[in-house]
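**Q** what's the 3D shape of this:
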Amino acid sequence: MTDEAALPTPSEIIEIHEEIEESYGLKYTGISAYFPEQTLSNVLSDVAAYDGIHLRAAALLKRLISVHIFEDGNKRTAWTTTRLYLDQYGAEPAVQETEHVATVLRCIQRLDIEELAEWLSNGEIDDEKLQP
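**A** Reported below is the predicted structural model:
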């Protein structure tokens, strides 16, 4: 990620994903046949509409997971991309405990952008929304 105020580019997200594919030895690789690469630009346009780093980070996280761009590793790619985005501002997610993060990422459809932004900035979240 290049510019301090910029969202990642589609090619940067794809590069992050390729590194994850290699690191985890994912069986199903690449961009989903149902989701062409240029659609990443649409995701980033949606995210750019939010103001503030935590709202944008939350939108980036939720949109990358929700649209399921890649054959496998969407949550890992979204989480890594979001962490790198926050890092540009000297910020980091308030919660980094692996199991808690995994639970939130699995339940992301139950949460709105504002709730995710709150969780990213101070770790607070409605635990009832994380119940199976």
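**Q** check which helices and strands the helix or strand containing Arg56 is in contact with.
**A** Under the criterion of DSSP states H and E, Arg56 resides in helix 53-66. Helices and strands touching helix 53-66, by 3 or more C-beta pairs under 8 Å, 6 or more residues apart in numbering; DSSP states H and E, are helix 39-48, helix 74-87, helix 113-122. The way it works is simple: take the backbone N, C-alpha and C, and place the C-beta from them, glycine included.
**Q** if we go to 10 Å?
**A** Here helix 53-66 touches helix 10-24, helix 39-48, helix 74-87, helix 98-106, helix 113-122, going by 3 or more C-beta pairs under 10 Å, 6 or more residues apart in numbering; DSSP states H and E.
**Q** list the buried residues for that helix?
**A** 53-65 (16 or more other C-beta atoms under 10 Å).
**Q** which stretches of the chain have low pLDDT?
**A** For the chain, the stretches flagged by pLDDT under 70 are 1-5, 33-38.
**Q** that older thread, and which of the buried residues of helix 53-66 is nearest to Lys129?
**A** Comparing the buried residues of helix 53-66 against Lys129 with C-beta to C-beta places Lys62 closest, at 13.2 Å.
**Q** thinking again about what came up before, out of the helices and strands packed on helix 53-66, which is closest to Glu128?
**A** The nearest among the helices and strands packed on helix 53-66, by C-beta to C-beta, is helix 113-122 at 11.6 Å.
**Q** around Ile125, count how many other residues there are.
**A** 20 (other C-beta atoms under 10 Å).
**Q** ok, it to Leu105 distance?
**A** 12 Å (C-beta to C-beta, to the nearest Å).
**Q** show me the contacts for the nearest residue to Tyr89 once chain neighbours are set aside.
**A** Of all residues not flanking Tyr89 in the chain, Ile53 sits nearest, at 5.0 Å (C-beta to C-beta, 6 or more residues apart in numbering). By C-beta atoms under 10 Å, 6 or more residues apart in numbering, Ile53 lies in contact with Ala5, Tyr85, Leu86, Gln88, Tyr89, Gly90, Ala91, Ala117, Leu120, Ser121.
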